[in-house]
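Got a predicted structure plus its sequence, pasted below:
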Amino acid sequence: MPDEKQVDTVALELRFPPGLRVTSIEQKPGWMSELLRDASGNAIGVRWTGKLAPMQFTELGLLAANPATGSELVWSAIQTFADGTRIEWSGPPGSKAPAPRVTLSAK
């Protein structure tokens, strides 16, 4: 996650693609994580809170098992800044705020 604004990033909420089975969330020093669940108790995302200075980046990771079918995982993310502004990373490729995407391939 980069911070390209002139204000600290204070949170990142990441929604998991359908069919992804998350098994572990990275515990990064200086950051807290909260697993997000739906009404049935299924993990649907994670929210990290902490502090990332302007013009810096960090990596926040997770371990997961890919779905049995499909060729692409499309994620949705919301980056929140100390001034209360947010960027929703959920747009199409080439947009100002594209959704993160992962292409899957057979072994």
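Here it is on my side, so go on.

so A64 sits right up against T23, yeah?
Yes: at 6.2 Å, A64 counts as touching T23 under the criterion of Cβ atoms under 8 Å. Bear in mind the C-beta positions are built from the backbone N, C-alpha and C, glycine included.

in what helix or strand does the closest residue to A43 other than its chain neighbours lie?
Using Cβ to Cβ, 6 or more residues apart in numbering and skipping the chain neighbours, the partner closest in space to A43 is V22 (5.1 Å). Per DSSP states H and E, V22 falls inside strand 21-25.

which residues make contact with that strand from outside it?
F16, S33, L35, A43, V46, L62, L63, A64, A65, P67 (Cβ atoms under 8 Å, 6 or more residues apart in numbering).

buried residues in that strand?
Buried residues in strand 21-25, counted by 16 or more other Cβ atoms under 10 Å: V22, I25.

So which other helices or strands are in contact with the helix or strand just after it?
As assigned by DSSP H and E, the chain's next helix or strand after strand 21-25 is strand 32-37. The helices and strands touching strand 32-37, judged by 3 or more Cβ pairs under 8 Å, 6 or more residues apart in numbering; DSSP states H and E, are strand 43-52.

Go through the strand it packs on and flag the buried ones.
For strand 43-52, burial by neighbour count (16+ other Cβ under 10 Å) applies to A43, I44, G45, V46, R47, W48, G50, L52.

Equivalent analysis for stretch 52-68, please.
Quick answer for stretch 52-68 (16+ other Cβ under 10 Å): L52, T58, L60, L62, A64.

separation between the closest residue to the fourth one other than its chain neighbours and I78?
Read it as L62. Excluding the flanking residues, the one nearest L62 by Cβ to Cβ, 6+ apart is I25, at 5.1 Å. Separation of I25 from I78 (Cβ to Cβ, to the nearest Å) stands at 17 Å.

still on that earlier bit, which residue in the buried residues of strand 43-52 has the weakest pLDDT?
Among the buried residues of strand 43-52, A43 carries the weakest pLDDT, at 92.

now the helices for this structure?
Using DSSP state H, no helices are found in the chain.
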